[in-house]
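In: below are the sequence and a predicted model for it; my questions follow.
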Amino acid sequence: MSMPGEVSGVKTEPMLSVRELSVSFIQYARGLKQQLLEVINGLSIELYPGEVVAVVGSSGSGKSLLAHAVLGILPGNAIVSGDMQFGGEILTSKRQSTLRGTEIAFVPQSVNYLDPLMKVGAQVKAAVKQGSKREVQQKIFKRYHLDKNVENLYPFQLSGGMARRILVAGALVGNARLVIADEPTPGLHPAVVKETLHHLRELSDEGRAVMLITHDIKAALEYADRIAVFYAGTTLETANVADFSGDGSDLRHPYSKALWKALPQNDFVSLPGFQPASGELPQGCLFAPRCHMFKDLCKEKRPKERSLRGGKVRCHYAT
Amino acid sequence: MRLTGFLIFVSGKVLKAVILLAALSVLSFWLVSKSPIDPVQSYIGADAMVVGPEQRENIAAYWGLDRPPLERLYSWGAALLQGDFGTSMIFRRPVLTVIGERFMASLMLMGLAWIISGLLGFWLGITAAMKQGSWLDRLIKTYCFTLASTPTFWLGLLLLIVFAVWLGWFPIGLAVPAGGLAEEVTLAERLRHLILPALTLSILGVANVALHTRQKLIDVLNSEYVLLARARGATEREVLFRHGLRNIALPAVTLQFASLSELFGGSVLAEQVFSYPGLGQATVQAGLRGDVPLLLGIVIFSAMFVFSGNLIADIIYRLVDPRIRQGEASG
Ligand SMILES: Nc1ncnc2c1ncn2[C@@H]1O[C@H](COP(=O)(O)OP(=O)(O)OP(=O)(O)O)[C@@H](O)[C@H]1O
Ligand code: SF4
Ligand SMILES: [Mg+2]
């Protein structure tokens, strides 16, 4: 099995590398008292050229915030720390602003990201940075089976599926080296889901890196190379797609194993309990309250990320 | 189908307005009939000494003031329905003629103030929102909140003292130089008389549009579609021109149309301060001297004026906003 970043034996540099990322929001509690709400902590992820990395995890685990942090579009009350690099160079906010829309493309999570008062054709054209805006827009419309007259419609006149396709189309008009797609496919016709994911796969095969944020583990397994499992604002495990097989014994973290077992085609039993809310995180391992392997150390010390069997895991006792 | 929807909408509005006008007329009539001002006395004015009781009765009979209020209301209403607003007691000319003349003068004043306050307010609102939280934003906000609580006549007097009395840049009052022939009045002269009252109204009118535009643009800047625009490399300038203006222009224009009532109210006071012979000043005179036909005429006319502003605001929304336009087509 090849290690990530090892293309035909040559170790390449990661396209995107995020290490120990933390994101907190300044909140104003009663009166003028300030309060820091930490929503992402110690999050690490790497993307190599030519691969699709799927990011999975329950709602509120910090998937979208990671995407926004990489793009540098977090709200003004967010405090970011940690180390982010793109193409081997530190991602400063100045660099982020030149990379956005050129080197890094973004598919947002919801159709509310379309301007309600702007025709969708114009919105896609606005994303085109090179070549004839009109031609590029028409080409990508054709690719996503959007009729020519759709370009003159406003978002409220589109079906949910069409609006999604506009969002995807707007991201894929350029020549970005990194594509971040935040749940690009819900509500789409299965054929269009296939087409979209296939397109993302194609882009990565051309040497780009794709971050595919999704709830759909099945799709992730089909189109991704590696899967990062998010939980309460951190990565519990990064595994190769092949590790998600059989009884899940190739997986490293008890949470990923539980996720795998919960799939309909496997045991279909879901893990009891909930992900802890930001602001109410346990002091030790974030997964401790739900873990069957729990020991005393887990309560006292939060495990650091370590490499294990060609993947990464954040657990004291994973083997 | 789309046209019928639109017509139904407009005729519904007009019907409501007619009912409102009728109620307003009766109410005003009742209020005026309860007024302590004796119209005969104020009609006679300073000549009271030489007018005997018999003559008074004649005058009252001539204006129909000797008949019971209900009967007067009825005959006034009947005439009104035929387009006859009656004759002004103080100007001794048909009410409609007086209103027409006065309104033209006011229209220049209000129109100028309307445009200046609209553009300036829009620009201030955008500036504040684009620099939200900065000293500039705070300055603009403070300015607007202070203005919102400044009485018109106070500001008018202040401008009058500074620019007309101290600096002597502008005339102290009236619409044209006193003592000249009407034909000899140049446009420049008219403008010179217009500037101070128009400035008073504009300075005050700015606050509403500015604060509204600021809030609206801040909402737009925090919206998800602007986040996406930024994620795709749009600069702040592009964000403003591509998404900002599009989403804030319509609310600002409609707000400006819908605020004609405040403009009208402001002009009554401003015209009084600057002795500007517009409709506002005529209103005050009609009220103080018990000129019932003129006062009622103005009440009806100004209500229609304000109503038209609101109707235009509604219509613009329907014609311009694609979401409502579409709703009309399918509904
Ligand atoms: N502006 C904000 N202020 C405070 N908390 C926030 C803010 N934005 C997000 N959060 C919190 O951060 C956490 C992570 O949010 P995020 O949107 O990244 O979740 P997600 O993994 O994308 O979830 P989903 O699958 O529902 O999209 C959530 O608990 C959310 O409530
Ligand atoms: S660190 Fe402890 S609690 Fe956390 S996942 Fe590992 S075994 Fe479970
Ligand atoms: Mg999300």
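Out: Yep, it's here. Since we're looking at a predicted model, the values are computed, not measured. Ligands and ions are numbered 1, 2, ... in the order given.

In: B:S149 versus the one residue in the stretch 101-250 of chain A that gets nearest to ligand 3, what's the distance?
Out: Ranking the residues of the stretch 101-250 of chain A by distance to ligand 3 (CB to the ion) places A:Q109 first, at 4.8 Å. Where C-beta positions appear, they are placed from N, C-alpha and C, glycine not excepted. Computed as CB to CB, to the nearest Å, the A:Q109 to B:S149 distance reads 44 Å.

In: and the helices in the stretch 101-250 of chain A?
Out: Remark: helices of the stretch 101-250 of chain A, listed N- to C-terminal, are A:120-127, A:133-143, A:160-171, A:190-205, A:217-223; assignment by DSSP state H, counting those that start in this stretch.

In: what's the offset of the fourth one from the middle of its chain?
Out: This points to helix A:190-205. The offset between the C-alpha centroid of helix A:190-205 and the centroid of the whole chain comes to 16 Å, using CA atoms, centre = their mean, to the nearest Å.

In: quick one on the thing from earlier: in a markdown table: the helices of the stretch 101-250 of chain A, plus distance to ligand 3.
Out: A markdown table is the format used below for these (distance: least, CB to the ion, whole Å):
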| stretch | distance to ligand 3 |
| --- | --- |
| helix A:120-127 | 21 |
| helix A:133-143 | 24 |
| helix A:160-171 | 14 |
| helix A:190-205 | 17 |
| helix A:217-223 | 15 |
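
In: around chain A, pick out the residues from chain B.
Out: Applying CB under 8 Å from any CB of the partner chain, we find that chain B lies next to chain A at B:222-225, B:227-234, B:242-243, B:246-247, B:321-323, B:326.

In: are any of the residues you listed buried, and which?
Out: Members of these that pass the buried threshold by neighbour count (16 or more other CB atoms under 10 Å in any protein chain shown) are listed as B:223, B:225, B:227-234, B:242-243, B:247, B:321-322.

In: quick one: contacts for B:Q281?
Out: B:Q281 is in contact with B:102, B:268, B:271-272, B:275, counting by CB atoms under 8 Å, 6 or more residues apart in numbering or on different chains.

In: any idea which residue of the stretch 1-150 of chain B lies closest to ligand 1?
Out: Using CB to the nearest ligand atom, the closest approach of the stretch 1-150 of chain B to ligand 1 is made by B:Q132 at 16.3 Å.

In: shouldn't B:A129 be within a helix?
Out: Yes: secondary structure assignment (DSSP: H, G, I helix; E, B strand; the rest coil) places B:A129 inside a helix.

In: picking up where we left off before, wait, doesn't the residue of the stretch 101-250 of chain A closest to ligand 3 sit right on A:E183?
Out: Yes: in this structure, A:Q109 sits in contact with A:E183. The criterion is CB atoms under 8 Å, and the distance is 5.0 Å.

In: overlap in contacts, the two.
Out: Once CB under 8 Å, 6+ apart is applied, the residues that A:Q109 and A:E183 both contact turn out to be A:I213.

In: looking at the two, which is more packed in?
Out: In this view A:Q109 and A:E183 are compared by other CB atoms under 10 Å in any protein chain shown, and A:E183 has more residues nearby, 20 against 17.

In: quick one: contacts for residue 115?
Out: No chain in the question, so chain A it is. Contacts here follow CB under 8 Å, 6+ apart; on that basis A:D115 touches A:123, A:155, B:225, B:229, B:242-243, B:246-247.

In: how close does it get to A:L65?
Out: Computed as CB to CB, the A:D115 to A:L65 distance reads 23 Å.

In: and the strands in chain B?
Out: Taking DSSP state E as the test, none of chain B falls into strands.

In: residues contacting the residue nearest to the spatial centre of it?
Out: In chain B, the residue lying closest to the centroid (CA atoms, centre = their mean) is B:F264, at 2.2 Å. Contact criterion CB under 8 Å, 6+ apart gives B:110, B:280, B:302, B:305-306 as the residues in contact with B:F264.

In: of those, which ones also sit close to ligand 1?
Out: Cross-checking the contacts of B:F264 against ligand 1 (CB under 6 Å from any ligand atom) gives no overlapping residues.

In: A:P186 against A:T196, yeah?
Out: No: between A:P186 and A:T196 no contact is recorded; they are 11.0 Å apart, counting by CB under 8 Å.

In: overlap in contacts, these two.
Out: Taking CB under 8 Å, 6+ apart as the contact criterion, no residue touches both A:P186 and A:T196.

In: any idea how many residues pack against the nearest residue to B:V273 once chain neighbours are set aside?
Out: If the residues on either side of it in the chain are set aside, B:V273 comes closest to B:G156, at 3.6 Å by CB to CB, 6 or more residues apart in numbering or on different chains. Taking other CB under 10 Å as the criterion, the count of residues near B:G156 is 25.

In: does B:G156 touch B:S267 like I think?
Out: No: counting by CB under 8 Å, B:G156 does not reach B:S267; the two are 10.6 Å apart.

In: overlap in contacts of these two?
Out: Residues touching both B:G156 and B:S267 (CB under 8 Å, 6+ apart) are B:P197.

In: quick check, distance from stretch A:238-253 to the centre of its chain.
Out: What separates the centre of stretch A:238-253 from the centre of its chain is 19 Å, taken as CA atoms, centre = their mean.

In: any idea how many residues pack against residue 57?
Out: No chain was given, so I picked chain A. Using other CB under 10 Å, A:G57 is surrounded by 24 other residues.

In: that answer is for a different chain, and I need it for chain B
Out: By other CB under 10 Å, 13 other residues sit near B:E57.

In: around ligand 3, which positions in chain A sit nearby?
Out: Within reach of ligand 3 by CB under 5 Å from the ion, chain A has these residues: A:63-64, A:109.
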